[in-house]
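*Asks:* when you get a sec, could you give me coordinates for this:
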Amino acid sequence: MHHPVHSPRERALLVIGALLLCAIASLLCAGMTGSIAVPLADLPGALRQLAQGDPGVSGSLAASLIELRASRALAAFVTGGALALAGVMMQALLRNPLADPYVLGISAGASVGALLALLLAAAAIVVDLAALGGAVAVSVLLYLFARSDLRGGLAAGGGASMLLLTGVILSSACMAFVTLMLSVAPESRMRSMVFWMIGDLSGAPLRLAPWLVLAGALLYALRSARAMNVVALHAEAAATLGIRVGSLRKGLFFVSSILTASAVTSAGSIGFVGLIVPHACRFAFGPDHRVLIPAAVLAGGSFLVLCDTLARTVIAPQQLPVGAITAIIGAPVFLYQLHRLRR
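*Replies:* Next up is the predicted model:
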């Protein structure tokens, strides 16, 4: 007896459904895990209390714990989803599977802004605004220097060599400023600066703006998915096949820049999510962007939620920076994927 062959549409729905379940499981796991664990038996009651409104004084300990942890878990999810989606778009823009959201130096610009604000002992909101300002400044410089690269068609060899080189140089310049600031920072501010550099979700509040950015970017990416498929397969002939290559590349650049700026502003520079998650999804589900885009968002969000749960609990009550956890897990996974691709 043979099993029916699923159509591409059914397969895509299966993949996205399974990843959606994984995302919900990762959020529940984050809510239950911590220095005080929430038993599985208490979970339905606690969720019911939260659904009815404020758990307040009458609510159980389980409901209060889940409410406390939920905002951090949701901040982790939206950050991971944004980084993974930015990674997919950067890889499509640069036509390079090794591209990630940080390759163009946008996060390095954010680091300069945030560390300058931390050095001056500014309030948290000022640090966020300074990070956003730094990211926007680098994006604008990149666009001004590599405008022709973004407008033009895709040459056979390197689609975006000018853009990539400009990004690398701007990133190096920003990191020089970061090193200078770290070298003159007083001891009292050093820890918060280093944690921001590595990526940390301990102070990340739950805000609406990152969700709106992610939703808008996801909508744009899904609408451009077919064009991204054509460019990936037939780069030279894309324009003759009716794809407006110039506007697609500008769109990919701006939307991935906004996503990166949003993620870095919320949680600092968390590495590897935007590199390994798109790779793993492409490896598991194939290169079709119509499946790859939603899959990467869900997988990236779940991955960062689980990494942040580890960061909170491994040596609780002390917390580790989540960027260190993503790098420790990400590096061997990526090496394994590269090895499999070689074979």
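
*Asks:* tell me the average confidence for the one helix or strand Ala173 maps to?
*Replies:* Secondary structure assignment for Ala173, by DSSP states H and E: helix 161-184. The average pLDDT for helix 161-184 rounds to 91.

*Asks:* may I see the buried residues of the helix or strand following it?
*Replies:* Following helix 161-184 in sequence order, the next helix or strand is helix 187-198 (DSSP H and E). Using 16 or more other C-beta atoms under 10 Å as the test for burial, helix 187-198 gives Arg189, Ser192, Met193, Phe195, Trp196, Met197, Ile198. (C-beta placed from N, C-alpha, C; glycine too.)

*Asks:* quick one: Ala225 from Met89, how far?
*Replies:* 11 Å (C-beta to C-beta, to the nearest Å).

*Asks:* an error on my part: the question was meant for Ser64.
*Replies:* Ser64 sits 39 Å away from Met89, taking C-beta to C-beta as the criterion.

*Asks:* neighbour count winner among these two?
*Replies:* Remark: of Ser64 and Met89, Met89 carries more neighbours, 31 against 17, as counted by other C-beta atoms under 10 Å.

*Asks:* wait, that one sits on Ser257?
*Replies:* No: using C-beta atoms under 8 Å, Met89 is not in contact with Ser257; the gap is 9.4 Å.

*Asks:* these two touch, right, Ala217 and Val255?
*Replies:* Yes: counting by C-beta under 8 Å, Ala217 does reach Val255; the two are 5.0 Å apart.

*Asks:* where does the chain have low pLDDT?
*Replies:* Scanning the chain for pLDDT under 70 picks out 1-5, 54-59, 152-160, 235-241.

*Asks:* so which residue is smack in the middle of it?
*Replies:* Leu83 (1.5 Å; C-alpha atoms, centre = their mean).

*Asks:* what sits against that residue?
*Replies:* For Leu83, the contacting residues are Pro101, Leu259, Thr260, Ala263, Ile270, Val273, Gly274, Val277, Gly300, Leu304, by C-beta atoms under 8 Å, 6 or more residues apart in numbering.

*Asks:* so which strand or helix has the fourth one?
*Replies:* Which is Ala263. helix 245-267.

*Asks:* show me what counts as buried in the helix or strand that contains Leu341.
*Replies:* Leu341 belongs to helix 322-342 when assigned by DSSP H and E. Neighbour-count burial for helix 322-342 flags Val322, Gly323, Ala324, Ile325, Thr326, Ala327, Ile329, Gly330, Val333, Phe334, Gln337 (criterion: 16+ other C-beta under 10 Å).

*Asks:* of those, which is the nearest to Val15?
*Replies:* Nearest to Val15 among these is Gln337, at 18.1 Å by C-beta to C-beta.

*Asks:* quick check: which element contains the nearest residue to the closest one once chain neighbours are set aside?
*Replies:* Nearest residue to Gln337 in three dimensions, chain neighbours excluded: His279, at 5.5 Å (C-beta to C-beta, 6 or more residues apart in numbering). Assigned by DSSP H and E, His279 belongs to helix 273-285.

*Asks:* go on, Val112?
*Replies:* Judged by DSSP H and E, Val112 forms part of helix 106-119.

*Asks:* and Leu306, how far is that from Trp211?
*Replies:* Leu306 sits 20 Å away from Trp211, going by C-beta to C-beta.

*Asks:* tell me which of those two has more neighbours.
*Replies:* Leu306 (23 against 17).

*Asks:* that one: what's it in contact with?
*Replies:* By C-beta under 8 Å, 6+ apart, the neighbours of Leu306 are Ser26, Cys29, Ala30.

*Asks:* phi, psi of it?
*Replies:* Per-residue torsions, Leu306: phi -70, psi -40 (degrees, to the nearest 10).

*Asks:* Pro101 too?
*Replies:* phi -60, psi -20.

*Asks:* list the contacts of Asp103.
*Replies:* Not quite, residue 103 is Val, not Asp. If a contact means C-beta under 8 Å, 6+ apart, then Val103 has Met90, Leu94, Leu164, Gly167, Val168, Ser171 as its contacts.

*Asks:* can you give me the distance of it to Leu292?
*Replies:* 19 Å.

*Asks:* name the helix or strand for Gly242, please.
*Replies:* Going by DSSP H and E, Gly242 is not part of any helix or strand.

*Asks:* what's the spacing between it and Arg340?
*Replies:* Taking C-beta to C-beta, one finds Gly242 at 35 Å from Arg340.
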